[in-house]
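> starting from these lines, generate the structure:
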Amino acid sequence: MPRPFRLPMLVGAVVVLSLCVSDATQQVVGARSTNGLAYDLVGEGPLVAPIYGTNLDRRMWDAEAEWLQEHARVLRHDLRGQGESDFPTDPYSNHDDLIRLLDELGARDVTLVGLWAGAQVAIDVALAAPRLVARLLLVSPSVAGCVPAEMPAFLAELTTSLQAGDFDRASTILLASPIMTVPAEYAARVRVMVEDNTRLWTIPYSLVEQPSPLALERLEDIEAPTLVLVGENDVEAIRAQGTLLQRRMADARLVMISGGGHLLNLTSPESFREALSGFLGIPTQ
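Numbering: from 1, shown residues only. Below is the predicted model of the structure:
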């Protein structure tokens, strides 16, 4: 059976960390982890690892990788069943995959930055492996276990298409939704990623492992300083979850990006760059 669609899985992310490896200047492109995750590792300095969301892949962060590698180590990886990573055949979770990759690279003092569903990955890593996490930056976030009072209007039609196994139609609906609305110069990139990652819809739901209890019940346990970014023009369901994080987490600050949409690094690239650079303490230029 195809994996059912759920709003919390519509997300993407960035992870920033300090990396301890034997050769901190080694450039790695097209690498593969021991559990089949495709990744690139370039640049010098504190490690920044972008994590995208549903039906996207690590190409989402081409621009960020280009400017960040002047001041940081950039780790981009494809989630299981997306991009060039292996399709799952055994039970897995995205946060366990990331923890294994960070351990494999010898990473510590991680600042996790999650965009969209990637915020779920970041939060789950912070709960499961606090030894790795120094800070969190959560962008256009969703929270595992949270059911928003107001669901996006496109969700019903999307769910119907997925239940019918019409994955091409589902991708078309997703691309036309406000979640994927971006300036014209980025539209082709987003469309290609979504169309290339249609196989994500076919992952058996039985293979996807969720933490227990879900993150919604444990937000107060996260002590890492947290910055939450939401777009002024994002859907209400996502803006509400940003407010939830500010209210429930021990040390969280919420910033609204004027005119921003859901994919903030594409709808508001200058504001996103300024916020990320400030959070990392690196120059914006």
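
> for this protein, longest strand please?
strand 107-115 (DSSP state E).

> what is that strand packed up against?
Helices and strands touching strand 107-115, as assessed by 3 or more Cβ pairs under 8 Å, 6 or more residues apart in numbering; DSSP states H and E, comprise strand 13-19, strand 47-51, helix 118-128, strand 133-139, helix 269-280. Where you see a C-beta, it was placed from the backbone N, CA and C, and this is true even at glycine.

> got a markdown table for those, with mean pLDDT and distance to Gly231 too?
Converted to a markdown table, the helices and strands packed on strand 107-115 look like this (pLDDT from 0 to 100; distance: least, Cβ to Cβ, whole Å):
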| stretch | mean pLDDT | distance to Gly231 |
| --- | --- | --- |
| strand 13-19 | 46 | 15 |
| strand 47-51 | 82 | 17 |
| helix 118-128 | 93 | 13 |
| strand 133-139 | 89 | 9 |
| helix 269-280 | 93 | 9 |
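
> mean neighbour count added to the ones you listed, as TSV?
Putting the helices and strands packed on strand 107-115 into TSV (neighbours: other Cβ atoms under 10 Å) gives the following:
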stretch	mean neighbour count
strand 13-19	26
strand 47-51	28
helix 118-128	27
strand 133-139	26
helix 269-280	17
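
> which strand or helix spans His262?
Using DSSP states H and E, His262 sits within no helix or strand.

> so how many other residues sit close to it?
When neighbours are defined as other Cβ atoms under 10 Å, His262 has 28 of them.

> pull the helix or strand with minimum mean pLDDT from this protein.
strand 13-19 (a mean of 46; mean pLDDT, DSSP states H and E).

> and the next helix or strand past that one?
In N-to-C order, the element after strand 13-19 by DSSP H and E is strand 28-32.

> what residues does stretch 250-259 touch?
Contacts to stretch 250-259, defined as Cβ atoms under 8 Å, 6 or more residues apart in numbering, come from residues 220, 222-233, 242-243, 245-246, 264, 267-268, 271-272, 275.

> let's see it at 6 Å
223, 225-232, 242, 245-246, 264, 268, 271 (Cβ atoms under 6 Å, 6 or more residues apart in numbering).

> and which of those is nearest Tyr205?
The nearest member of these to Tyr205, counting by Cβ to Cβ, is Leu245 at 25.9 Å.

> mind listing what's buried in the helix or strand harbouring the closest one?
For Leu245, the enclosing helix or strand under DSSP H and E is helix 236-248. Across helix 236-248, burial judged by 16 or more other Cβ atoms under 10 Å covers 237-242, 244-246.

> now do it: which elements does it pack against?
strand 226-231, strand 252-257 (3 or more Cβ pairs under 6 Å, 6 or more residues apart in numbering; DSSP states H and E).

> run the chain-centre distance for it.
16 Å (Cα atoms, centre = their mean, to the nearest Å).

> same check on stretch 65-74?
With Cα atoms, centre = their mean, you get 18 Å for stretch 65-74.

> need the helices and strands packed on strand 107-115 in a markdown table with distance to Leu254, can you?
Listed next are these as a markdown table, based on distance: least, Cβ to Cβ, whole Å:
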| stretch | distance to Leu254 |
| --- | --- |
| strand 13-19 | 17 |
| strand 47-51 | 20 |
| helix 118-128 | 13 |
| strand 133-139 | 9 |
| helix 269-280 | 12 |
